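**Q** sequence first, predicted model second:
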Amino acid sequence: MENELKHELFNQFPKLKELANHDTVLWENTNWQKKAMTNLFSMEEVEKAEETLKRFSSYLKIAFPELLESNGLIESSIQDITLIKKALEKEFDVSIPGQFILKCDHALPISGSIKARGGIFEVLRHAEQLLMANGKLTKEDNFAVLATEDFHAFFQQYTIAVGSTGNLGLSIGIMGKKLGFNVVVHMSSDAKEWKKALLREKGATVIEYEADYSVAVEQGRREAEQDPMCHFIDDENSKDLFAGYAVAAKRLKIQFEKTNITVDEAHPLFVYLPCGVGGGPGGVAYGIREIFGEHAHIFFAEPAASPCMTIGLMTGLHDAISVEDIGLDNKTEADGLAVGRASKFVGKVMETYVSGCYTVKDEELFKSLALAMEVEDLFLEPSAHAGMFGPIQLMKKGQSYLEEHDLVDKMEQATHLVWATGGSMVPVEMREEYMAKVVQGARIND
């Protein structure tokens, strides 16, 4: 980006300069609308995705015995985390009115992250399309037969490819290989070694890059285009991924009803979603706003070094601007969020849906990681802890948002939902490494 254009953007968007300085920022989206609308996607796609997942449930509970109890449903619980709220209030000297709950996607079956939603759905959608096109099954058949050797052999003719920083690759690798597909995962320099090792153990081919996420995706896309038997799952542009994530909102509504959590004008809902390229949080945000409407206020959480969605939405440039363009290095311990350029598709859809974005420094992620372990014995990946800072940022820096939307007097009845995006599959030695960084950070700060 030319220096002249950069300075022009800094003048036009003062918070962009704060982001360039690696400051923590809360950006409020002035394009937010009570009745958010987009012509790029529809709830019809979400309904279809839910139906597809139901058709595969008979197969999934055979392929993954951990799904027997849920009858083949890939879903996570919600959990009260008042103890963590109290610890955060004390640590960051802030009062957070309302109830504080966790959406436990860190414990999702099969691949232990939010990516189990979109990633697994797109693999299943592609598998279903191949089965129908080849006359192997109809939608009325019992999909449990997919667990047999004949179908495994059928899928071995085909390849699924994806570019990933880690968790999306895991969900696609595990699901794809279980069905019988060849799977190729193009992984960026930010990807953790244990994720690469696990994928190889499952039988996937892992191609490593010294460059960042965008390069891995572009290279994967280019290679897949050369192979007619290969389906590329495009994290930057896929509507199937987006639909798979959006299904979560319908399930959340049922969970709220069962636990007597009310969302209405007097009981606002605030949702904090860690954001990388945007597909996962974008899909979830879309579904939540469609179901709960103007009473849902959604904030995307990004590392201070990688605020790609924040700068894309703020400037309206979407994928035409990268974090490197404003002088940031895209280096963060939150590997799942280490993305320099946001999805244009997601950014365009989110223009009227998302309330805002905020950034968090790595040291704050590790503080939160330590607190959650201490008071709840709860381990989440550093990336997932970005969500914990939403209520802190909102109460410290979002007063104007609360006033503008007439929320100040309603905060005692508010629900803060932190979306825990990953963590249950992190190996013990890696968890110990993270905890060592917490101790090291404490020593440096003393």
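**A** In hand now; what should we look at?

**Q** which helix or strand contains L170?
**A** helix 167-179 (DSSP states H and E).

**Q** roughly how far is that helix from the heart of the chain?
**A** Taking CA atoms, centre = their mean, to the nearest Å, one finds the center of helix 167-179 at 16 Å from the center of the full chain.

**Q** show me the contact partners of the helix or strand following it.
**A** Once helix 167-179 ends, the next helix or strand along the chain (criterion: DSSP H and E) is strand 182-187. Applying CB atoms under 8 Å, 6 or more residues apart in numbering, the contact partners of strand 182-187 are 156, 158-166, 169, 172-173, 176-177, 195-196, 199, 203-209, 216-217, 219-220, 223, 230. Yep, even glycine has a C-beta here, placed from its N, CA and C like the rest.

**Q** in PyMOL, select just the buried ones from those residues.
**A** This is the PyMOL syntax for the buried subset of those, where burial follows 16 or more other CB atoms under 10 Å:
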select buried, resi 158+159+160+161+162+163+164+165+166+169+172+173+176+177+195+196+199+204+206+209+216+217+219+220+223+230
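
**Q** sort out for me which of the contacts of strand 182-187 are in strands.
**A** Judged by DSSP state E, the subset of these located in strands is 159-164, 205-208, 230.

**Q** out of the residues you listed, who's nearest A144?
**A** Relative to A144, the closest of those is I160; by CB to CB it sits at 21.6 Å.

**Q** show me where the stretch 1-150 of the chain has its strands.
**A** Assigned by DSSP state E, counting those that start in this stretch, the stretch 1-150 of the chain shows strands spanning 26-28, 78-80, 99-103.

**Q** how near is L365 to C230?
**A** The gap separating L365 from C230 is 36 Å, by CB to CB, to the nearest Å.

**Q** C-alpha coordinates for stretch 18-33, CSV please?
**A** Provided in CSV are the C-alpha atoms of stretch 18-33 (Å, rounded to 0.1, in the frame of the first residue of the first chain):
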residue,chain,number,x,y,z
GLU,A,18,-4.3,3.1,16.9
LEU,A,19,-4.4,-0.4,15.5
ALA,A,20,-1.2,0.3,13.5
ASN,A,21,0.4,1.3,16.9
HIS,A,22,-0.6,-2.2,18.2
ASP,A,23,-3.0,-0.6,20.7
THR,A,24,-6.0,-2.4,22.0
VAL,A,25,-9.1,-0.9,20.3
LEU,A,26,-12.9,-1.3,20.4
TRP,A,27,-14.3,-0.3,17.1
GLU,A,28,-18.1,0.3,16.8
ASN,A,29,-19.8,-0.5,13.5
THR,A,30,-21.9,2.5,12.4
ASN,A,31,-23.4,0.4,9.6
TRP,A,32,-25.1,-1.9,12.2
GLN,A,33,-28.8,-2.1,11.6
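
**Q** contacts for it, please.
**A** 10, 15, 299, 304-305, 307, 310-311, 313-314, 326-328, 351-361, 364, 393-394, 396-398, 400-401.

**Q** over to stretch 65-79?
**A** Here stretch 65-79 has contacts from 53, 56-61, 101-110, 116-117, 120, 251-252, 255-256, 259, 417, using CB under 8 Å, 6+ apart.

**Q** hey, which helix or strand in this protein has the poorest pLDDT?
**A** Least confident helix or strand, the chain: helix 428-445 with a mean of 74, by mean pLDDT, DSSP states H and E.

**Q** longest strand of the protein, counting residues only.
**A** The residue-count maximum for a strand in the chain (DSSP E) belongs to strand 296-303.

**Q** would you mind getting the angle between whichever helix or strand comes after that strand and strand 296-303?
**A** Per DSSP H and E, strand 296-303 leads on to helix 308-315 as the next helix or strand towards the C-terminus. For helix 308-315 against strand 296-303, the angle by axes from the mean of the first three to the mean of the last three CA atoms, to 10 degrees is 120 degrees.

**Q** what helices and strands are in contact with the helix or strand following helix 308-315?
**A** Of the helices and strands lying after helix 308-315 in sequence (DSSP H and E), the nearest is helix 344-350. Applying 3 or more CB pairs under 8 Å, 6 or more residues apart in numbering; DSSP states H and E, we find helix 344-350 packed against helix 239-258, helix 279-292, helix 308-315.

**Q** out of these, which is closest to S383?
**A** helix 279-292 (10.7 Å).

**Q** alpha carbons of the closest one, as CSV, please.
**A** This file holds the C-alpha atoms of helix 279-292, laid out as CSV (Å, rounded to 0.1, in the frame of the first residue of the first chain):
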residue,chain,number,x,y,z
GLY,A,279,-16.0,-17.7,8.2
GLY,A,280,-16.7,-19.3,11.7
PRO,A,281,-17.6,-16.1,13.6
GLY,A,282,-19.4,-14.7,10.5
GLY,A,283,-21.6,-17.8,10.1
VAL,A,284,-22.5,-17.9,13.8
ALA,A,285,-23.1,-14.1,13.9
TYR,A,286,-25.4,-14.3,10.9
GLY,A,287,-27.5,-17.1,12.4
ILE,A,288,-27.7,-15.3,15.8
ARG,A,289,-28.8,-12.0,14.3
GLU,A,290,-31.3,-13.7,12.1
ILE,A,291,-32.8,-15.6,15.1
PHE,A,292,-32.5,-13.0,17.9
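
**Q** any idea of the mean pLDDT in that helix?
**A** Averaged across helix 279-292, the pLDDT comes to 98.

**Q** before we move on, what about stretch 240-251?
**A** Here the average pLDDT along stretch 240-251 is 98.

**Q** same question for stretch 81-94.
**A** Mean per-residue pLDDT for stretch 81-94: 98.

**Q** flag every buried residue along that stretch.
**A** Using 16+ other CB under 10 Å as the test for burial, stretch 81-94 gives 81, 84-85, 87-89, 92.

**Q** for those, give me JSON lines that also has distance to M187.
**A** Formatted as JSON lines, the buried residues of stretch 81-94 follow (distance: CB to CB, whole Å):
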{"residue": "I81", "distance to M187": "32"}
{"residue": "I84", "distance to M187": "31"}
{"residue": "K85", "distance to M187": "35"}
{"residue": "A87", "distance to M187": "34"}
{"residue": "L88", "distance to M187": "33"}
{"residue": "E89", "distance to M187": "38"}
{"residue": "F92", "distance to M187": "34"}
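
**Q** got the domain ranges for this protein?
**A** For the chain, the structural domains run 3-41+70-111+245-445, 114-239, going by automatic domain parsing.

**Q** would you mind giving those domains as JSON lines with distance to A49 added?
**A** Shown next, in JSON lines, are the domains of the chain (distance: least, CB to CB, whole Å):
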{"stretch": "domain 3-41+70-111+245-445", "distance to A49": "5"}
{"stretch": "domain 114-239", "distance to A49": "6"}
